[in-house]
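[1] Pasting the sequence and the predicted model now:
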2 protein chains.
Amino acid sequence: MDEQTKYLPAQERRRVTVETVVELAAESNPNDITTAAIAKRMGLTQGALFRHFPNKAALLQAVMEWVAERLLARVDKAVQKASSPLACLEAMFMAHVEFVAEHPGVPRMLFGELQSAEETAPKLAVRTLIRLYSERLQHQLEEGKRCGEIAVHVDIRAASNLFIGSIQGLVMQSLLAGSVGHLREDAQLVFAIYCRGIRSTL
Amino acid sequence: MDEQTKYLPAQERRRVTVETVVELAAESNPNDITTAAIAKRMGLTQGALFRHFPNKAALLQAVMEWVAERLLARVDKAVQKASSPLACLEAMFMAHVEFVAEHPGVPRMLFGELQSAEETAPKLAVRTLIRLYSERLQHQLEEGKRCGEIAVHVDIRAASNLFIGSIQGLVMQSLLAGSVGHLREDAQLVFAIYCRGIRSTL
DNA sequence: TAGTAAAGATAGTAATCAATTACTATCTTT
DNA sequence: AAAGATAGTAATTGATTACTATCTTTACTA
């Protein structure tokens, strides 16, 4: 985000900062995202960041909220277009994968935040995101059972868990490959197996 | 690993050090595993570590090799006991989950190492582990197709990917829960779905 | 049992981190 | 155009990091 303008209004600056962090996370270890690195990328001095965020944790929290907002919005939009619970799940899956392909640093940051021992503000934000995401998933799974698309004996929690896990598996694969090149195609193949695992045999 | 003995022979000290790191990873962010923290846990001064490892990366590499050795040994043992490819996959899954339940810090460290931008020694060790693990998986999947247990149209790479991903999903769930309490039961339910996704419909 | 090599303690180093300070440049409002 | 508010700079802080140089203790062996 190289809006070259100096002296941005605070709101704008915060927005640019958050997007810069997302960008940096795509290129390097979330661990290496120092306040100095963020500032440098924006063409600012390190101290200037603290004019807009009280501390680094608050900055990361803002990033997590940015992610939650955008990801959930996309997923909800995808769901609206689909016509059946199973189609909704597929649309969610692909929308999620698409989001990850566009912002490869995001899952790294999320997972990284989850690992912190203390109950930090950004960690809480991640937990909220996952809760909201899981709720949407489980709603579709239950709807699917109701209309006969999904096998009744499928454990909802496990199915929701596996859904998220399968995306993580794809992320790890792209991490190993060093690029998101095959991410979308692999996603299709993986979802096919998942789908077969939960749908009812008509 | 509180072998209280001071003045251990070098080989013993290295072993204890590696096990201490695995222990620490279970309790805190891999990020927080400083050389000082490791030494403190062992009742040693920080500088003493460098008598046994040239640097921290070498230490972490030793940890990754420890993990690879133990995990693969368990998985191989589980496979030997099973009587069909699909039973092998289930045995691998459960053995893997069991290993993770015993050493909850391990997957965090693995994932953490994968994220480092540079091609570090520990990262290479992780990559080797995953390669060996995937080879075993794909072998069983192919055998399963051959003997008619697994549907021929299943994409091997995707199935292997989903297998690993589903374990990651379980790990994340236990990370959210803050304990590995439900890990084993959840694993059963998740594998049931996975299994249904790949097996042939007789 | 004396000598020695290995293992650990002590006390540092330079580098890096987030955060804070006193100050300056720019924009906005009247 | 004056004045106050906002945004950013430059330099520095104390804490923490991996790592090292030097001295001391231990265990083994000749």
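    Nice, thanks for sending it over. Small disclaimer: the values here were computed from a predicted structure and weren't measured. Numbers count the residues shown, from 1 in each chain, chains lettered A, B, ... in the order given.

[2] Show me what from chain A comes close to DNA strand C.
    By C-beta under 7 Å from any atom of the strand, the residues of chain A that approach DNA strand C are A:6-7, A:32-37, A:46-47, A:50, A:54-57. For glycine as for every other residue, the C-beta is placed from the backbone atoms N, C-alpha and C.

[3] List the ones among the residues you listed that fall in helices.
    Using DSSP state H, the members of those that fall in helices are A:35-37, A:56-57.

[4] Show me the helices in chain A, by range?
    Using DSSP H, helices in chain A cover A:10-27, A:35-42, A:56-81, A:85-102, A:105-115, A:121-146, A:156-177, A:183-198.

[5] Report the mean confidence score over the fifth one.
    Looking back up the chat, that one is helix A:105-115. Mean pLDDT, helix A:105-115: 93.

[6] Repeat that for stretch A:162-182.
    Per-residue pLDDT over stretch A:162-182 has a mean of 94.

[7] coming back round to it: right, so of the helices of chain A, which gets closest to B:Leu129?
    Closest approach to B:Leu129 among the helices of chain A is made by helix A:156-177 (11.2 Å; C-beta to C-beta).

[8] List the buried residues in the closest one.
    For helix A:156-177, a neighbour-count test (16 or more other C-beta atoms under 10 Å in any protein chain shown) marks A:156-175 as buried.

[9] Over to stretch A:129-142?
    For stretch A:129-142, by 16+ other C-beta under 10 Å, it's A:129-130, A:133-134, A:136-137, A:140-141.

[10] Now that stretch: average pLDDT?
    The average pLDDT within stretch A:129-142 is 98.

[11] Does it reach chain B?
    Yes: Stretch A:129-142 is in contact with chain B by C-beta under 8 Å from any C-beta of the partner chain, via A:Ile130.

[12] show me what contacts the closest residue to DNA strand C within chain A?
    Closest residue of chain A to DNA strand C, C-beta to the nearest atom of the strand: A:Gly47 (2.8 Å). Going by C-beta atoms under 8 Å, 6 or more residues apart in numbering or on different chains, A:Gly47 touches A:Ala39.

[13] residues in contact with A:Glu27?
    Going by C-beta under 8 Å, 6+ apart, A:Glu27 touches A:105, B:117.

[14] Tell me, what's the model's pLDDT at it?
    If you check A:Glu27, the pLDDT there is 92.

[15] One more: A:Leu202?
    On pLDDT, A:Leu202 comes in at 69.

[16] Domain parsing of chain A, as residue ranges.
    A:1-53, A:56-198 (automatic domain parsing).

[17] Can you go through the residues of chain A next to DNA strand C and name the buried ones?
    The neighbour-count criterion (16+ other C-beta under 10 Å) marks A:33, A:35, A:37, A:57 among the residues of chain A next to DNA strand C as buried.

[18] from memory the third one sits against A:Leu24, does it?
    Yes: applying C-beta atoms under 8 Å as the test, A:Ala37 and A:Leu24 come out as touching, 6.2 Å apart.

[19] which of the domains of chain A is buried the deepest?
    Neighbour counts (mean count of other C-beta atoms under 10 Å in any protein chain shown) averaged over each of the domains of chain A peak at domain A:56-198, with a mean of 19.

[20] Any idea how far apart the tips of that one sit?
    Start-to-end span of domain A:56-198 (C-alpha to C-alpha, to the nearest Å) is 42 Å.

[21] is that domain anywhere near DNA strand D?
    No: in terms of C-beta under 7 Å from any atom of the strand, no part of domain A:56-198 sits within range of DNA strand D; the closest distance is 11.9 Å.

[22] can you list contacts of stretch A:111-122?
    By C-beta under 8 Å, 6+ apart, the surrounding residues in contact with stretch A:111-122 are A:30-31, A:57-58, A:60-61, A:63-64, A:123, A:125-127, A:168, B:27-32, B:108, B:111-112, B:115, B:172, B:175-176.

[23] mind redoing it with 7 Å?
    Contact with stretch A:111-122 is made by A:30, A:57-58, A:60-61, A:64, A:123, A:126, B:28-30, B:32, B:108, B:111, B:172, B:175-176, as judged by C-beta atoms under 7 Å, 6 or more residues apart in numbering or on different chains.

[24] returning to that earlier point: for the domains of chain A, give me CSV that also has distance to B:Thr201.
    Listed next are the domains of chain A as CSV, based on distance: least, C-beta to C-beta, whole Å:
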stretch, distance to B:Thr201
domain A:1-53, 41
domain A:56-198, 9
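
[25] Near chain B, which residues of chain A are found?
    Within chain A, the positions adjacent to chain B are A:28-32, A:108, A:111, A:114-117, A:127, A:130, A:154-155, A:158-159, A:161-162, A:164-166, A:168-170, A:172-173, A:175-176, A:186, A:189-190, A:193-194, A:196-198 by C-beta under 7 Å from any C-beta of the partner chain.

[26] Hmm, A:Arg108 is touching A:Val22, no?
    No: the pair A:Arg108 / A:Val22 is not scored as a contact, 10.7 Å apart, by C-beta atoms under 7 Å.

[27] rewinding a little: so which of the residues of chain A next to DNA strand C is the closest to chain B?
    Relative to chain B, the closest of the residues of chain A next to DNA strand C is A:Asp32; by C-beta to the nearest C-beta it sits at 6.9 Å.

[28] Lovely, talk soon.
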